[in-house]
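Peer 1: okay, predicted coordinates and the sequence, questions at the end:
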Amino acid sequence: MSEIRFDLIHNEYALISPERLHRPNCYATVGNKTLDNRQYDCPFCEGNEHLTPPEIFALRNNEPNKAGWKVRVIPNLYKAVQIETPFGSKEAGHYEVWNGYGAHEVIIDTPRHITKMNQLSKDEYFNWLHVLRLRVADLKNDKKMIYATLFKNHGHYAGATQSHPHTQLIALPILPKQKLSWFRYAFEYYKRNSRSIFDTVIEKEKNDSVRVIAEDNYFIAFAPFASSFAFEVMIISKIQETSTIVDLTDKNINALAKFLRRIIRAFYKQLGNFDFNLVFGLPPLNKNYVSEEFFDKLNLFWRFHIRILPRLFSLGGFEFESGVHINPVSPEDAAAFLRDSLEGE
Ligand SMILES: [Zn+2]
């Protein structure tokens, strides 16, 4: 039986419709057409540094733009925005037009040409997360950068054009409206209840327990009650006053590396080679006129989190028109499957 569920965190509805699971090809693993890149022409492989623009940063002990790095950051060749563009906005009739000021970076997660995220070691997970933290901290220093999205498109059906594991960081001089309304919603919740909405959800999920996949001292992973995507997983930091990845200590990053790797490995065990988006729920980088009322309280009401969104099914007209997703796998089933696939440390 289908259910319309309200998602307390996203302030949105999701249609949980397990019947749709019986459609043909529901679990067909996608033959990934972008994965036949070979190392000799992959611009993200170690040794091919000359195929990319000069690096912005790399975790290395030798000179830049050569082999010998662990994580490498380059400007996106097909960037949506760039830092060289003059900063400013202008009115065009009723429409506000912004110049394409911002940053679009590609973080190459590993020098190795692997095509599955379960092949990364714990050290590689740590180095990757550590560099993501450094890049967000660096962009935060530019006070004109208001908001950043940090995400992975993994596989053809998740929008990736390179099979080599990579992450993208896009920083903008504006706060998207949908995001603004979500931050305001979470702030209003905090003011009314004197607690973060994330703490309420963690408490509810722990009480219900059926959707919890894993938990340690710092993080909890669960299939959200109103998951929009089949096998959607949310990981939330349990540590108070950690609203962004920049707030996580080395110890926290180390714990997250282990925790996330365990979850990702469970996914591969359960779904095979699957395409997914992974997004980091970051708060605004810097204050602007729309975030003035809540920016200084972000640490109290916002919490660092990660969403893993498997792209097992294509989105259709209903999803685009209504903004409400039809999810054919109940979050309770998804959590049980993933729990069963968890390995030890
Ligand atoms: Zn490669």
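Peer 2: Ah, there it is. Remember, predicted model here, so these are calculated numbers, not experimental data. Residues are numbered from 1 along each chain as shown.
Peer 1: assign the closest residue to the ion within the stretch 201-345 of the chain to helix, strand or coil.
Peer 2: Here the stretch 201-345 of the chain gets closest to the ion at one residue, Asn273, 16.6 Å apart by Cβ to the ion. Where you see a C-beta, it was placed from the backbone N, CA and C, and this is true even at glycine. Put simply, Asn273 is coil when judged by DSSP: H, G, I helix; E, B strand; the rest coil.
Peer 1: quick one, helices of the stretch 1-150 of the chain?
Peer 2: For the stretch 1-150 of the chain, helices defined by DSSP state H, counting those that start in this stretch occupy the ranges 122-140.
Peer 1: what residues does it put near the ion?
Peer 2: By the rule Cβ under 5 Å from the ion, the part of the stretch 1-150 of the chain lying against the ion is 42, 44-45, 113.
Peer 1: so which of those wins on neighbours?
Peer 2: Phe44 (24 neighbours; other Cβ atoms under 10 Å).
Peer 1: apart from its neighbours in sequence, what residue is nearest that one?
Peer 2: Computed as Cβ to Cβ, 6 or more residues apart in numbering, the closest residue to Phe44 that is not its neighbour in sequence is His164, at 3.7 Å.
Peer 1: count of residues packed around the one you found?
Peer 2: The burial count for His164: 22, using other Cβ under 10 Å.
Peer 1: can I assume it sits in a helix?
Peer 2: No - counting by three-state DSSP, His164 is not found in a helix; it is coil.
Peer 1: surely it and His113 touch.
Peer 2: Yes - using Cβ atoms under 8 Å, His164 is in contact with His113, at 5.5 Å.
Peer 1: measure the nearest residue to Asn76 once chain neighbours are set aside to the ion for me?
Peer 2: Closest residue to Asn76 apart from its sequence neighbours, by Cβ to Cβ, 6+ apart: His104 at 4.2 Å. Separation of His104 from the ion (Cβ to the ion, to the nearest Å): 20 Å.
Peer 1: for His104, name its beta-bridge partners.
Peer 2: Beta-bridge pairing for His104 (DSSP bridges): Ile170.
Peer 1: and Ala221, by the same measure?
Peer 2: On the basis of DSSP bridges, Ala221 is bridged to Ala214, Ile235.
Peer 1: thinking again about what came up before, JSON lines please, covering the residues of the stretch 1-150 of the chain next to the ion and showing distance to Ile220 and pLDDT.
Peer 2: As requested, those are arranged in JSON lines below (distance: Cβ to Cβ, whole Å; pLDDT from 0 to 100):
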{"residue": "Cys42", "distance to Ile220": "36", "pLDDT": "91"}
{"residue": "Phe44", "distance to Ile220": "32", "pLDDT": "94"}
{"residue": "Cys45", "distance to Ile220": "36", "pLDDT": "94"}
{"residue": "His113", "distance to Ile220": "33", "pLDDT": "94"}
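Peer 1: that older thread, quick check, the residue of the stretch 201-345 of the chain closest to the ion in contact with Lys116.
Peer 2: Yes - in this structure Asn273 lies within contact range of Lys116 using Cβ under 8 Å: 6.2 Å.
Peer 1: among these two, which residue is more densely surrounded?
Peer 2: Using other Cβ under 10 Å, the more surrounded residue of Asn273 and Lys116 is Lys116, with 19 against 14.
Peer 1: identify the residues contacting the more buried one.
Peer 2: By Cβ atoms under 8 Å, 6 or more residues apart in numbering, the residues touching Lys116 are 268, 273.
Peer 1: what comes up buried for the one helix or strand Ala255 maps to?
Peer 2: Counting by DSSP states H and E, the element that carries Ala255 is helix 250-271. Going by neighbour count (16 or more other Cβ atoms under 10 Å), the buried part of helix 250-271 is 252-257, 259-267, 270-271.
Peer 1: the closest residue in space to Gly47 that isn't next to it in sequence: neighbour count?
Peer 2: Computed as Cβ to Cβ, 6+ apart, the closest residue to Gly47 that is not its neighbour in sequence is Ala67, at 5.1 Å. Other residues lying near Ala67 total 12 when counted by other Cβ under 10 Å.
Peer 1: right, and Ala67 touches Ala58 too?
Peer 2: No - Ala67 lies out of contact with Ala58 (Cβ under 8 Å); the separation is 10.5 Å.
Peer 1: low pLDDT regions in the stretch 101-250 of the chain?
Peer 2: The stretch 101-250 of the chain contains no residues with pLDDT under 70.
Peer 1: quick one, strands of it?
Peer 2: Counting by DSSP state E, counting those that start in this stretch, the stretch 101-250 of the chain has strands at residues 103-108, 147-154, 166-172, 212-215, 219-222, 233-237.
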